[in-house]
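Chemist: fold the following.
(chains A and B)
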Amino acid sequence: MLSRTADHLYWMARYIERAENMARVLDVTYNMSLVPNAAVSESALWLPALEISGNVEAYEEKYGAYTAAGVIHYLAMDMDNPSSIYNALRNARENARAVRVAMTSETWENINALWLEFRQFIGQDLAKNGLREFCDWVKGRSHLFRGVCFGTMLRDDAFSFVRLGTFIERADNTARLLDVKYHILLPSQEEVGGAVDYYEWSAVLRSVSAFQAYQKIFSDTIEPWRVAELLVLRRDMPRSLHACFDEITPILEQLSGIRQTECKRLAGELHSKLRYGKMQQIFQKGLHEFLTDFIELNNRLGAEVHKTFLSITTA
Amino acid sequence: MPKKPLSFFDEMQLHTANANEANVRDIYAAYHHWLKDVPHHQLDSKRQEAELLFRRVGITFNVYGETDGAERLIPFDVIPRLLSAKEWSHLSAGAIQRVKALNMFLHDIYHEQEIIKAGIIPSSILANVQYRPEMFGVDVPNQIYAHIAGIDLVRTSESQFYVLEDNLRTPSGVSYMLEDRKMMMRLFPELFRRYSIAPVDHYPQVLLKNLRAVAQPGIVEPTVVVLSPGAYNSAYFEHAFIAQQMGVELVEGQDLFVRNNAVFMRTTQGPQRVDVIYRRIDDDYLDPLAFNADSMLGVPGLLSVYRNGGVTLANAVGTGVADDKATYIHVPAMIKFYLGEQPILENVPTYELSKEDDLEYVLAHLSELVVKEVQGSGGYGMLVGPAASKKEIEEFRLRIVSSPASYIAQPTLALSTCPTLVEQGIAPRHVDLRPFVLSGKSVSLVPGALCRVALKEGSLVVNSSQGGGTKDTWVLESDDQHEALASVIKAEAEKAQDKPSKSTTVESVC
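Modeler: As a prediction, the model looks like this:
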């Protein structure tokens, strides 16, 4: 298929996934703000959401203080924030429009309808009300998007690039979420097992739809290291890093064919770390170091995918 | 105010003034019978449903500078235009004949130029800016230049159709023909049971077959692509739609490159050879090395590969010389010259102001005529006599006198009207018709056309840029059925009128 087409499909899927993850972060942060907790200020509560999206400086410049209203607007609707849900969905739709031929008409219509519906939220003050509905809507549309791709698209390269974009983006997002939360939580160990801790960790789990899974698997109190294990190493957890690479590696093998590509090698390397790694060792080296490393390699993987498939020059 | 003339031919009724079944043209009898029982609000809700669906499918235009994601929709009218089998066979035969002659003309003008030697067309045509000297002596497969031709037709009476112009460069609108039909079948399935309407959905398959047939000889499984300027072009939807329907790649200039006298596209698996390019980019933007050097849309080196027979372009480069206003006048003569046939479809009577008699007549009748600049386009340098002020006419007179050969003149045509759903209800609006003639393997058209309608009351301008909309065009498979139905309905209507209580309606018709 055309490299440009593959590029658009890949980014379309990445942007949808990005919007969904942003909505998840907003949703759980908002939920946390409803739990009475005098020790945590408004800014301490909302700063991590910005850190996950990686846009703290740009926010400070424009808004100053970390307020609920500011962060919600910045992450959901700000046209100047390249990672806002507004821009993610808009970019997803623009990418889709550029290659509407490469997907089924149902997929295209779904993503076009998504954008048409999204416009109802523009101008709404989500911090005041409607944030929950908004986040639910974004998540729902993202589920629909994956469903319509899965249910209607031919299993060809186009489908592979859509899936590839989804899982590379998801791996990045899960790793960032976990990293930020771990970073914040660990220093305050004096209150381990307290109610606030419970809420914090259950919020992390809920943000990746893993709360029920955790209960089912461990049927025990929520322990930070178990949460980390669930989100890093468990392959049966659909948003874990391992699960993402269970999808990514075979796709890259199939796309590369007999070619020896760096992206195939890199994916294999990351995959084996997740597959054969032990949580104990990861903790010994430091979870933060592990995740920082992972995020960087995952980014390099994205760059390699570009080099190999998406931006082929005259050659 | 002068009384509005009632002299426009209406597609549904012989007289637009009154809705009496006895006056309805046979072909519309069953439709009219159905329509009179449908309340307007119901039709309007169908119209809204169509709009919603069109938005959902994304049959829209991008509007530059809009940040809220608003995109424009070409208005769609829910009342179809009907053509009988007999009318269609006349029109399609005429369009095919015309396109055959135009393709022969294009081959001739870029080779032996027999038609000039025979004195039928003046040699000044070679100085036309649309004439591409680069194409001289170049052989194109099957000698087809205009693979896709849009022939614009207008009607002024029951039996009188005229060709308004030929579109041989990159005619657009066929996606509306196809999407309007899909929409009508969805909104009014009951009408499709009532009429046997000839299907049009196979257009993309016919197009693909023709495009494959014009690959350079010897290529077994030719790769066809559609070349578009990209997602910000106003016709992008159509480009994407056609590519998808044919199951071929939709490419942009940046996806293609030239090497070893061949064109390749960049794919995830490396370069892949392209054999036939259905291009929706104008000649000027095709190749920055040969034409407009600033063009970012084209493919550097494409023209040289094309001239050497490394790739086929549809339509060919240089077709503009055949659909120019100066050439239009000569099409009937072309048909006689190349085919030895009488033209089936007439041109609009056109005055050539380089001829003294014509000039004299035109100068004396400027207020009734439309005067066009020969090489002008897009309405620039045009006088619409009936709509112009005295001052404008006098100014134009001076321009004509100083350079008569630069102008042609035509009578202001009384374009037929078709009932159309507007805010006030159903009212007659002027329409035209653009069937698409495909050449390659053979010359043919699918039984249908783009019907454009001027939505503004009294307006004769059907262009979408001027507030024009579209209608579905129904070509009936045979005329027996609707004629039989019409006679039944009319007999009933007459019977109803015989009743004393209805006698007043009969009088009001007269």
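Chemist: show me what contacts residue 297?
Modeler: I went with chain A, as the question did not name one. A:266, A:269-270 (Cβ atoms under 8 Å, 6 or more residues apart in numbering or on different chains). Every C-beta, even on glycine, is put in place using the N, C-alpha and C of the backbone.
Chemist: hmm, I had chain B in mind actually
Modeler: Per Cβ under 8 Å, 6+ apart, neighbours of residue B:297: B:229-230, B:252-253, B:281, B:285.
Chemist: circling back: nearest to chain B, of the contacts of residue A:297?
Modeler: residue A:266 (17.6 Å; Cβ to the nearest Cβ).
Chemist: what is the burial count for that closest one?
Modeler: 21 (other Cβ atoms under 10 Å in any protein chain shown).
Chemist: so it is in contact with residue A:302, correct?
Modeler: No. Using Cβ atoms under 8 Å, residue A:266 is not in contact with residue A:302; the gap is 10.0 Å.
Chemist: low-confidence regions, the stretch 51-200 of chain A specifically.
Modeler: A:183-197 (pLDDT under 70).
Chemist: buried ones in the strand or helix carrying residue B:96?
Modeler: Residue B:96 is located in helix B:85-109, with elements delineated by DSSP states H and E. Neighbour counts over helix B:85-109 (16 or more other Cβ atoms under 10 Å in any protein chain shown) mark B:85, B:87-88, B:90-92, B:94-109 as buried.
Chemist: in strands, which of the contacts of residue B:297 fall?
Modeler: Using DSSP state E, no member of the contacts of residue B:297 sits in strands.
Chemist: lowest pLDDT pick from those residues?
Modeler: The lowest pLDDT within the contacts of residue B:297 belongs to residue B:230, with 89.
Chemist: count the neighbours of it for me.
Modeler: Residue B:230, neighbours per other Cβ under 10 Å, totals 15.
Chemist: which residue comes closest to it once chain neighbours are left out?
Modeler: Excluding the flanking residues, the one nearest residue B:230 by Cβ to Cβ, 6 or more residues apart in numbering or on different chains is residue B:252, at 5.1 Å.
Chemist: likewise for residue B:271?
Modeler: Closest to residue B:271 by Cβ to Cβ, 6+ apart is residue B:264, at 4.0 Å.
Chemist: and that neighbour, that's in a strand?
Modeler: Yes. Per DSSP: H, G, I helix; E, B strand; the rest coil, residue B:264 lies within a strand segment.
Chemist: centroid residue for the chain?
Modeler: You didn't pick a chain, so chain A it is. residue A:173 (3.3 Å; Cα atoms, centre = their mean).
Chemist: I was after chain B.
Modeler: Centre-nearest of chain B using Cα atoms, centre = their mean is residue B:434, 2.9 Å out.
Chemist: would you mind measuring from it to chain A?
Modeler: 24 Å (Cβ to the nearest Cβ, to the nearest Å).
Chemist: backbone dihedrals for that residue, please?
Modeler: phi -130, psi 100 (degrees, to the nearest 10).
Chemist: if I read this right, it contacts residue B:150, doesn't it?
Modeler: Yes. Counting by Cβ under 8 Å, residue B:150 is a contact partner of residue B:434 at 4.8 Å.
Chemist: what's the overlap in contacts for the two?
Modeler: By Cβ under 8 Å, 6+ apart, the residues touching both residue B:434 and residue B:150 are B:167, B:171, B:173, B:450.
Chemist: so the second one: helix, strand or coil?
Modeler: If I follow you right, that is residue B:171. coil.
Chemist: from residue A:8, how far off is the residue nearest to residue B:271?
Modeler: 20 Å (Cβ to Cβ, to the nearest Å).
Chemist: more neighbours, the two?
Modeler: Comparing residue B:264 with residue A:8 by other Cβ under 10 Å, the one with more neighbours is residue A:8, at 26 against 20.
Chemist: and the more buried one, how close does it get to chain B?
Modeler: Applying Cβ to the nearest Cβ, the value for residue A:8 to chain B is 9 Å.
Chemist: which residues does that residue contact?
Modeler: With Cβ under 8 Å, 6+ apart, residue A:8 has these contacts: A:95-96, A:98-99, A:102.
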